[in-house]
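**Student:** When you get a sec, could you give me coordinates for this:
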Amino acid sequence: MPKKVAKIIFLLTVFTFLANGVFAAPTSNLLEENARSTLSTQDTAFIGEAGLGTRLSAGKIVSNIIKIFLAFLGVIFIILIIYAGFTWMTATGSEEKISKAKQIMLSAFIGVAIVFLAYAITFFVIDKLLEATRGGTGLK
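**Tutor:** Have a look, this model is predicted:
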């Protein structure tokens, strides 16, 4: 008898939870309208945030290209640091591999210092050029 009662209680519980999902489902028309308005709002926000539909100056385009290139160099730096760390960790005491890993890390840090300086100089120069040609607005 207790097994029968347990089965009945289990089945009632399962059907209760399944029925809640059915009764709580919104109508398809309401869901479709909600989705359309949400997507429209998101599209509008994205277009405004991305600056689509606005004209960019040549200086701003060059600035964006340089920023992307320097960001790519930053990714290469991270990959080199991970590779050097992996080489060092798997050197198993080999002085040759350890010195190679140290050299790669040193070169990567020098490279990233050059990249950061190049980014700072580029941002400063392009900002000042745009400020001079636009009358004080710069990249902001």
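**Student:** Regarding residue 93, what is its secondary structure?
**Tutor:** Following DSSP: H, G, I helix; E, B strand; the rest coil, we place residue 93 in the coil state.
**Student:** mind checking how far it is from residue 104?
**Tutor:** From residue 93 across to residue 104, the span is 18 Å (Cβ to Cβ, to the nearest Å). Placement of C-beta: from N, CA and C, glycine included.
**Student:** Which of these two has more residues huddled nearby?
**Tutor:** Between residue 93 and residue 104, counting by other Cβ atoms under 10 Å, residue 104 is the more crowded of the two (17 against 6).
**Student:** pLDDT at the more buried one, what is it?
**Tutor:** What the model reports as pLDDT for residue 104 is 94.
**Student:** so it is in which element?
**Tutor:** When elements are defined using DSSP states H and E, residue 104 is found to belong to helix 95-134.
**Student:** other SSEs contacting that helix?
**Tutor:** If contacts are counted by 3 or more Cβ pairs under 8 Å, 6 or more residues apart in numbering; DSSP states H and E, helix 95-134 sits against helix 58-89.
**Student:** Could you check the angle the helix it packs on makes with helix 95-134?
**Tutor:** Our comparison of helix 58-89 with helix 95-134, counting by axes from the mean of the first three to the mean of the last three Cα atoms, to 10 degrees, yields an angle of 170 degrees.
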